[in-house]
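Visitor: Below are the sequence and a predicted model for it; my questions follow.
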Amino acid sequence: ALHLRTQLQQIRDGVAVAPTPGQTVAEELTGLGPQDVVVVLGFRRRPRGFEEALKGCAEAQVPLILIADPSARHLAHHARHWIECPVGRSGAFGSYAAAFSTVAWLAGAVLGAGGATAAGHVDRATELFETLRELDLG
């Protein structure tokens, strides 16, 4: 979720990850409506209240994209779009390669749909990277 936020913030304004520390999901969803889009990532061991948050979005008519592993397939009916990403197993840890590929694809699709406005936003972000010298872009 944080990686997707990082990518989308370079493309457009108004991108956030929720809930922020100290906030509830209800507080974060307040004020969202059909003009917004919520992307929910939910892989194994989802937190309590996960399905209720999906229902809350649906009730507020917030378009919802659910990106999750097959264990969440039963929740797909709450979302406008369901993207299933298997979690591979390599030893003791899961592999989220499919999810990261999906995030890259989704960010690219948002960039493409945003046209010149999105491209300009990316250019401004790149200029700030260079001005602030926070990243080695070499």
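Guide: That came in fine, so what should we check first?

Visitor: Tell me where the chain has helices.
Guide: Here the chain has its helices, by DSSP state H, at 2-9, 25-29, 50-59, 97-132.

Visitor: wait, residue 85 sits on residue 68?
Guide: Yes. The criterion here is Cβ atoms under 8 Å, and residue 85 meets it with residue 68 at 6.9 Å. Where C-beta positions appear, they are placed from N, C-alpha and C, glycine not excepted.

Visitor: Please identify every residue contacting each of the two.
Guide: Taking Cβ atoms under 8 Å, 6 or more residues apart in numbering as the contact rule, the neighbours common to residue 85 and residue 68 are residue 43.

Visitor: In terms of neighbours, single out the busier of those two.
Guide: Between residue 85 and residue 68, residue 68 has the larger neighbour count (other Cβ atoms under 10 Å), namely 23 against 20.

Visitor: Tell me the spacing between the residue positioned nearest the centre of the chain and residue 129.
Guide: Nearest to the geometric centre of the chain sits residue 39, at 4.4 Å (Cα atoms, centre = their mean). Distance of residue 39 to residue 129, given as Cβ to Cβ, to the nearest Å: 24 Å.

Visitor: so where's the chain shaky on pLDDT?
Guide: Residue ranges of the chain with pLDDT under 70: 137-138.
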